[in-house]
Every structure is written in structure tokens, then in C-alpha cells.
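Enquirer: build me a model:
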Amino acid sequence: MIGACSGSSSVATSSPDTSSTGPELVVATTPTAVPSPAKVAPSSSVSAPHTSTTTTPPTTTTIATTTTRAPVRWRLLAGGDVLMDRTEPAGLDPFALLQPALAEAEVAIVNVEMAISDVGSAVPGKEFVFRAPPAAAERIAAAGIDVASLGNNHARDFGPDALLDTVARLRAAGVHPVGAGADLTEAWTPAVLAVGDLSVAVLAATEVEPSGFRASADHPGVAVVKGDEDIDMLRTAVAEAAAAFDVVLFVVHWGIERDTCPSEERQVRYARAALEAGASAVIGSHPHVLQPLAVDADAGTAVAYSLGNFVWHPRSGITGETGVLELVFEDDRVVEARVHPHLLNGDGIPAPASEGDRVDRINQIVGGDCSRHDPPEVPPPAVPPPD
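Expert: As a prediction, the model looks like this:
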């Protein structure tokens, strides 16, 4: 079954209301109950050899048996956008209150929405630029985070030198950076982790592309998925990883800010491409709000469309509502999925929450009832009357 802890939201049981047609991927193809792992029938016992009453020698029948490996059961914990430009200078641990703690998982992933560096200069003309002191890399590692996605619209805010410094500092701390690098090849190279006998590959990219951020053959930057050509690159990267490793996860920065339902054009089609190419799960961020968690129980896959602001500047409304994504796998199949609700406190640090209107809203959105919480449409500007 899809498990659910007290106060935690389990998978969507129906399609998030994204449009009149409804995207395919947010519809679980079966009820949310995941079929129990196939049980191995008890070994057939061989009865005692039958002894004939004649002088014929006794006959013993041997039944051939086969031994199959039990599936590796493992857990992924993930959070959304992490910004530590205020908590780190203040000496605050933004991961201290999380329940469950990220270190409890075999694999823990967050989106690092900043440079971690003291070199470089802010990109000219960019409205919002973020960075945290170098010590933030050690803080991330100490939280038990294994993979840091830099495939986003802020990792290169302070130029190529700061981006490469961020990559180097995370690696030195023992964290795997993905989605960015010195060139296109490095930006699309997966992190690979060992979980028991399994190899787990993590790829990352962004659909939100500031000018100059895209990595190329001779240009440090981030992996980008934006348009048909990039979708082909995504399919190739996922398919190659699926051929080489046991499990593939895709972490992606996408969507429309503050929309609580996923966009067909900017999210669903990319998720579909990743899953069809062999990914087991897609983990999204960028909208600064939560979006639905959709599970295909037949395929054993999951899409968390957005995990919201995980560590951010203080927020008291819907942008301060977040959660810890928990996916339980058996080998490469998702068998349980839930989000543990958290609220950002006065320091922008996520703290667990179990009841109240805001928790109800978290559970509604994650469960697929998202359209009621979308922001109101902005009316078009009034047209002045003719002279």
C-alpha cells in the first residue's frame, strides 16, 4: 500500500486540475494502493521416497528450484529550494528541525538555489542574485544530503568562477553536485550512488534559463531542458543512465511561480519524456509553492511536481508551506510515496507541522486538489479610451 504517516500527505488519487484535457502523467493509472510485492511461494517440500512392494529399487523424485534475489528496499528523502544567504551568516542550521531527518535516508536530495562561494561578481541586470558563504557546503553535508542539484536559475548568479567554486566546495564536503559544471558534458553527467547492490544515478536540469546560464562545450553553466531539442537531450541522458545503472532519478527546476497545479507545457511533457526514457522518479522545484505528488502504481514511478521553498527567507503564507518528500523503493520501483508537511518559521527554517488550515492546504495540493489554491489570474491592463 501507499503508506501515510500521521500528518503526512500520500499520493494523488486523481488528476490535479491543470486544464480541461488533463495531463496524462498526473493521473495514477491504478488506484493508489501499490500492489504488494509478489510473494514467493513456499518451497515445495519433497515427500519421502516411495518404496515399491516389488523388488524394483526405490525411486526418488527431485524438484528443480530457482533462487531469486530479494528486492533491495531503500528510501529517498528530498526537499525543494534551499537558500542559505541569511541562515549561514547567522550560524543557524536550517536542517535541524526536519522530521524525518534527511540523514535517515539512503539517498537525500535538495535543490541548492544559490552560489556557495566568495568569488565572482553578481551577474549584471539580474533582479535577484543569491549566494551563501563557503561554509554552507559543510552545513549541507552535515545534514546528510547526498546530492545537490545546481540545475537552476541561481547557481550561476555570480558568474562562472563562483559556479565552479560551488561545484568544488560541495564535492570537497562529500556532496555530489549535479546539473552544472565546466561544460555541457559535466552539466549532464549524473551523480552515481551505491545503495546496497544497486547503483542509483541522479541527473538534474532547469527549464528556467537566465541569459548566459546554459552550459556549452566551452562555457561553464547549467543543464537546460527547454524546447524540443533539449527534450531529445534529456531522453538521451536518461536512457544512457538507465542502460548503465539500476535506478535513474531526474531533478528538475521548472514551472510557473506560485501556480499550485503543474503546467502541461512547462512540466508535464518533460516529466513524461524522463519517465518514458527510464527514470523511476522526477523531483521538481522552482514554483515556490507545493504542487501535486503523482504516482503511477502500475509502472512504479512518481512525479513530485514541486516541493516549494524548503529553506528560504521567512514566509508566512502559501510560499512558506513545504515538506519532506519520502519515496520508498524496491529496486527501481516506487512502492510508497508521501510528503511530510513543514512550515517555514521566522528564520525561514522548515519545522514539522501536523494540523491546522495550512497543513490541510498542503495535503490538498499534494493530493491533487490544486486548482482551488492557484493564485487569481491577473486581469489585463485597462485600455485607455481613444482620444
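Enquirer: from the structure, what's the count of residues near Asp357?
Expert: Asp357 has 7 neighbouring residues, counting by other C-beta atoms under 10 Å. Glycine gets a C-beta too; all of them are placed from N, C-alpha and C.
Enquirer: show me what contacts it?
Expert: By C-beta atoms under 8 Å, 6 or more residues apart in numbering, no residues touch Asp357.
Enquirer: residue closest to the middle of this structure?
Expert: With distances taken as C-alpha atoms, centre = their mean, the chain has Ile283 as the residue nearest its mean C-alpha position (2.3 Å).
Enquirer: may I have the secondary structure class of that residue?
Expert: Under DSSP: H, G, I helix; E, B strand; the rest coil, Ile283 falls in the strand class.
Enquirer: what of Val248?
Expert: Here Val248 is strand, with the state taken from three-state DSSP.
Enquirer: contacts only, for it.
Expert: Contacts of Val248 (C-beta under 8 Å, 6+ apart): 190, 200-203, 238, 241-242, 278-280, 332.
Enquirer: where in this protein is the helix or strand with the lowest mean pLDDT?
Expert: Here the helix or strand of the chain ranked lowest by mean pLDDT, DSSP states H and E is strand 9-10, holding a mean of 62.
Enquirer: neighbouring strands for the very next helix or strand once past that one, and are they parallel or not?
Expert: Downstream of strand 9-10, the first helix or strand assigned by DSSP states H and E is strand 73-82. Applying DSSP bridges, strand 73-82 is found paired with strand 107-112 (parallel), strand 309-311 (parallel), strand 321-330 (antiparallel).
Enquirer: the longest one vs strand 281-285, what angle?
Expert: Angle between the axes of strand 321-330 and strand 281-285 is 170 degrees (criterion: axes from the mean of the first three to the mean of the last three C-alpha atoms, to 10 degrees).
Enquirer: how close does the nearest residue to Asp347 once chain neighbours are set aside get to Arg315?
Expert: Leaving aside its sequence neighbours, Asp347 sits nearest to Leu92 (C-beta to C-beta, 6 or more residues apart in numbering; 5.8 Å). Distance, Leu92 to Arg315, by C-beta to C-beta, to the nearest Å: 16 Å.
Enquirer: what of Val334?
Expert: In terms of C-beta to C-beta, Val334 sits 29 Å off from Arg315.
Enquirer: show the residue spans covered by the helices in the chain.
Expert: All helices of the chain, identified by DSSP state H, fall at 135-142, 159-173, 184-187, 228-244, 269-277, 357-366.
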